[in-house]
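Student: Let me see the structure of the following:
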Amino acid sequence: MASAAPGKITAESGKGRAILLWTLQILAALAFLAAGGSKLAGAAPMVAEFGKLGFGQWFRYLTGILEVAGAIALLVPGYAFYGASLLVAVMAGAVIAHLAILGGSPVAAIVLLLVTGTIAYLRKPR
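Tutor: Residues are numbered from 1 along each chain as shown. From the prediction side, this is the model:
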């Protein structure tokens with residue numbers, strides 16, 4: 001069997017890309033469902049964190065709703081780009097919040113920002 005030229009997209013590489021992308025989408029969706037769910041459920045650490053931000057608890061609810069909505073959109077063909085783009089904005093805010101107000105490590109937020117950014121880039125409408 002002859003191998004494809006480097007950089008050439010084949011049916012096999014397209015299938016592998018699709019599997020990798022769906023895997024990223026599912027993992028990101030699970031992470032955001034958990035994070036958003038804990039915010040909406042009023043988990044004590046989330047209440048304390050958003051209290052420290054100083055915007056009020058309405059902002060915790062808004063963030064939780066955006067995270068859950070984005071997670072659901074990641075799993076719906078045709079909406080993954082929009083869900084990922086929404087989550088990029090949420091994670092950019094989270095990184096800024098950690099650096100400017102909350103302290104602590106922003107690594108988790110940066111990783112999720114990069115993952116959702118990758119999904120948005122690869123799922124952008126043509």
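
Student: And the lowest mean pLDDT element among the helices and strands of the chain?
Tutor: helix 11-41 (a mean of 93; mean pLDDT, DSSP states H and E).

Student: what's the helix or strand for A94?
Tutor: Assigned by DSSP states H and E, A94 belongs to helix 80-97.

Student: quick check: angle from that helix to helix 11-41?
Tutor: Following axes from the mean of the first three to the mean of the last three CA atoms, to 10 degrees, one obtains 50 degrees for the angle between helix 80-97 and helix 11-41.

Student: packing partners for helix 80-97?
Tutor: helix 11-41, helix 57-74, helix 107-122 (3 or more CB pairs under 8 Å, 6 or more residues apart in numbering; DSSP states H and E). (Each C-beta comes from the backbone N, C-alpha and C, glycine too.)

Student: who's in contact with it?
Tutor: 25, 28, 32, 53, 63, 66-67, 69-74, 76, 106, 109-110, 112-113, 116-117, 119-120, 123-125 (CB atoms under 8 Å, 6 or more residues apart in numbering).

Student: helices or strands next to the helix or strand that the least confident helix or strand of the chain is followed by in the packing?
Tutor: The element immediately downstream of helix 11-41 (helix or strand, assigned by DSSP H and E) is helix 44-53. The contact analysis (3+ CB pairs under 8 Å, 6+ apart) places helix 44-53 against helix 11-41, helix 57-74.

Student: Give me the helices and strands touching the first one, please.
Tutor: Same thing as helix 11-41. Using 3+ CB pairs under 8 Å, 6+ apart, helix 11-41 sits against helix 44-53, helix 57-74, helix 80-97, helix 107-122.
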